[in-house]
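Asker: Generate coordinates for the sequence data below:
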Amino acid sequence: MAFSGCQAPYLSPAVPFSGTIQGGLQDGFQITVNGAVLSSSGTRFAVDFQTGFSGNDIAFHFNPRFEDGGYVVCNTRQKGRWGPEERKMHMPFQKGMPFDLCFLVQSSDFKVMVNGSLFVQYFHRVPFHRVDTISVNGSVQLSYISFQNPCAVPVQPAFSTVPFPQPVCFPPRPRGRRQKPPSVRPANPAPITQTVIHTVQSASGQMFSTPAIPPMMYPHPAYPMPFITTIPGGLYPSKSIILSGTVLPSAQRFHINLCSGSHIAFHMNPRFDENAVVRNTQINNSWGSEERSLPRKMPFVRGQSFSVWILCEAHCLKVAVDGQHMFEYYHRLRNLPTINKLEVGGDIQLTHVQT
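Answerer: I've put the predicted structure just below:
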């Protein structure tokens, strides 16, 4: 099966985890595994790139071990038999700490980056195009596993087609007449821009005009704050934005803004001093009415990692935290392609951004 675009990420998968790599590995393909090492319950974890789910054919076994001072084993398994180990006598991971682990597939080897620094190269012992599955096991908790093929120009899929081992529980789009959100002021129109589009069909049969622009990923261990970047093509139905990081132990507030020119189309503002997640829109330097309701308790915790998924639909944004749907925010600025800037600031350490 030919690889046709960027695969949607797995969010907060349970460990042990095995998931399909759609289309198999390709030269230039990049896989990011983001999570945290558990402070107890074991001394090892492993990331395996393998053929099928049996574990008998593993092209690349990446196996950090917190034993004898700490080291990392790399190996290949063919027809159930391990080859000679390659050991890196250095431990880049710490128990109880988050990590960002990036695998870059090249024609001759895997290049492995840990927290933004090159850690090891592992030369292929079997053809990498046989790999169609990634597995993670051991003493880790995962935030996400994401995929990027720089050579592909993907079309964003309808969200209902995304395969999750633990699906993000976004409620279905209501049929018929759309409900109006409470206390929303009419939005001022934003300037019009043009963008090259493809048309894709969602699972519900609705046709969406979707810019043919791949998601931008920033694999970096820590970002300068505040962090500002563009959203290529702006927003459009089925567009998603993913951010991960860690809340600082003494955090009071942080914010995620989606901006259109000088307007803030969507302001998400977790406030630990108020135990609330405030949402709003600012037009011409004037804030609208706040939205605060949540279906469950405050999803962010001081000192803990998080992953935020923002999914744009025709009438609203759907937001999930750590794989669980939190709220919908109906568009107050409705010219979606002009919403093309992301701003993140406040009391967090940002470790991953995908726009």
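Asker: from here on, contacts and neighbour counts on C-alpha atoms
Answerer: Fine.
Asker: The closest residue to P299 other than its chain neighbours: what's it in contact with?
Answerer: Distance criterion C-alpha to C-alpha, 6 or more residues apart in numbering; nearest residue to P299, sequence neighbours excluded, is V321 at 6.7 Å. By C-alpha atoms under 8 Å, 6 or more residues apart in numbering, the residues touching V321 are P299, F306, S307, V308, W309.
Asker: what's the neighbour count on the first one?
Answerer: Yep, that's P299 we're talking about. By the criterion of other C-alpha atoms under 10 Å, P299 has 16 neighbours.
Asker: centroid residue for the chain?
Answerer: Note on the chain: the residue nearest the mean C-alpha position is I242, at 4.3 Å, using C-alpha atoms, centre = their mean.
Asker: So which residues make contact with stretch 54-65?
Answerer: Contacts with stretch 54-65, where a contact means C-alpha under 8 Å, 6+ apart, come from 43-51, 70-81, 91, 93, 122, 124-128, 131.
Asker: Between its first and last residues, how far does stretch 56-72 reach?
Answerer: One end of stretch 56-72 to the other measures 21 Å (C-alpha to C-alpha, to the nearest Å).
Asker: Okay, buried residues for that stretch please.
Answerer: 56-66, 70-72 (16 or more other C-alpha atoms under 10 Å).
Asker: can you check stretch 314-333 too?
Answerer: Going by 16+ other C-alpha under 10 Å, stretch 314-333 has these buried residues: 315-333.
Asker: Which of the residues you listed fall in helices?
Answerer: Within the buried residues of stretch 314-333, no residue falls in helices by DSSP state H.
Asker: rewinding a little: distance to I283 added to the contacts of V321, as JSON lines?
Answerer: Output for those, formatted as JSON lines (distance: C-alpha to C-alpha, whole Å):
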{"residue": "P299", "distance to I283": "28"}
{"residue": "F306", "distance to I283": "29"}
{"residue": "S307", "distance to I283": "28"}
{"residue": "V308", "distance to I283": "24"}
{"residue": "W309", "distance to I283": "24"}
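Asker: In contact with V47, which residues?
Answerer: H61, F62, N63, I134, S135, V136, N137.
Asker: Could you let me know which of the residues you listed ends up closest to Q30?
Answerer: Lowest distance from Q30 to these (C-alpha to C-alpha) belongs to I134, with 12.3 Å.
Asker: Could you measure from the closest one over to R302?
Answerer: As for I134, its distance to R302 is 31 Å (criterion: C-alpha to C-alpha).
Asker: neighbour-wise, which of those two wins?
Answerer: The neighbour count for I134 versus R302, taken as other C-alpha under 10 Å, is higher for I134 (22 against 15).
Asker: hang on, that one packs against S18?
Answerer: Yes - assessed by C-alpha atoms under 8 Å, I134 is found in contact with S18 at 5.7 Å.
Asker: just checking, D273 is part of a strand?
Answerer: No - read with DSSP: H, G, I helix; E, B strand; the rest coil, D273 is coil and lies in no strand.
Asker: Let me see the contact set for the nearest residue to it once chain neighbours are set aside.
Answerer: In space, and not counting its chain neighbours, D273 is closest to Q252: 5.6 Å by C-alpha to C-alpha, 6+ apart. The contact partners of Q252, by C-alpha under 8 Å, 6+ apart, come to R271, F272, D273, D347.
Asker: Could you list the domains of the chain?
Answerer: 10-148, 193-354 (automatic domain parsing).
Asker: TSV please, covering those domains and showing mean pLDDT.
Answerer: Shown next, in TSV, are the domains of the chain (pLDDT from 0 to 100):
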stretch	mean pLDDT
domain 10-148	92
domain 193-354	82
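Asker: before we move on, back to that, the helix or strand harbouring the residue nearest to the centre of the chain pairs with which strands, parallel or anti?
Answerer: Following DSSP states H and E, one finds I242 within strand 240-247. Each strand paired with strand 240-247, and its direction, by DSSP bridges: strand 305-312 (antiparallel), strand 348-354 (antiparallel).
Asker: in the first one, what counts as buried?
Answerer: It refers to strand 305-312. Residues of strand 305-312 classed as buried by neighbour count (16+ other C-alpha under 10 Å): S305, F306, S307, V308, W309, I310, L311, C312.
Asker: coming back round to it: CA atoms only: put the strand holding I242 into PDB for me.
Answerer: Extracted as PDB, the C-alpha positions of strand 240-247 are listed here (Å, rounded to 0.1, in the frame of the first residue of the first chain):
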ATOM      1  CA  SER A 240      -6.300  19.900  13.600                       C
ATOM      2  CA  ILE A 241      -3.600  21.400  15.900                       C
ATOM      3  CA  ILE A 242      -1.800  19.400  18.500                       C
ATOM      4  CA  LEU A 243       0.300  20.900  21.400                       C
ATOM      5  CA  SER A 244       2.000  19.000  24.200                       C
ATOM      6  CA  GLY A 245       3.900  20.200  27.200                       C
ATOM      7  CA  THR A 246       4.300  20.200  31.000                       C
ATOM      8  CA  VAL A 247       2.500  22.600  33.400                       C
END
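Asker: So which residues of the stretch 151-300 of the chain form strands?
Answerer: For the stretch 151-300 of the chain, the strands defined by DSSP state E, counting those that start in this stretch cover 197-201, 207-211, 227-230, 240-247, 254-260, 263-271, 276-283, 286-287.
Asker: would JSON lines of these with distance to S293 be doable?
Answerer: Formatted as JSON lines, the strands of the stretch 151-300 of the chain follow (distance: least, C-alpha to C-alpha, whole Å):
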{"stretch": "strand 197-201", "distance to S293": "32"}
{"stretch": "strand 207-211", "distance to S293": "30"}
{"stretch": "strand 227-230", "distance to S293": "27"}
{"stretch": "strand 240-247", "distance to S293": "21"}
{"stretch": "strand 254-260", "distance to S293": "17"}
{"stretch": "strand 263-271", "distance to S293": "12"}
{"stretch": "strand 276-283", "distance to S293": "8"}
{"stretch": "strand 286-287", "distance to S293": "18"}
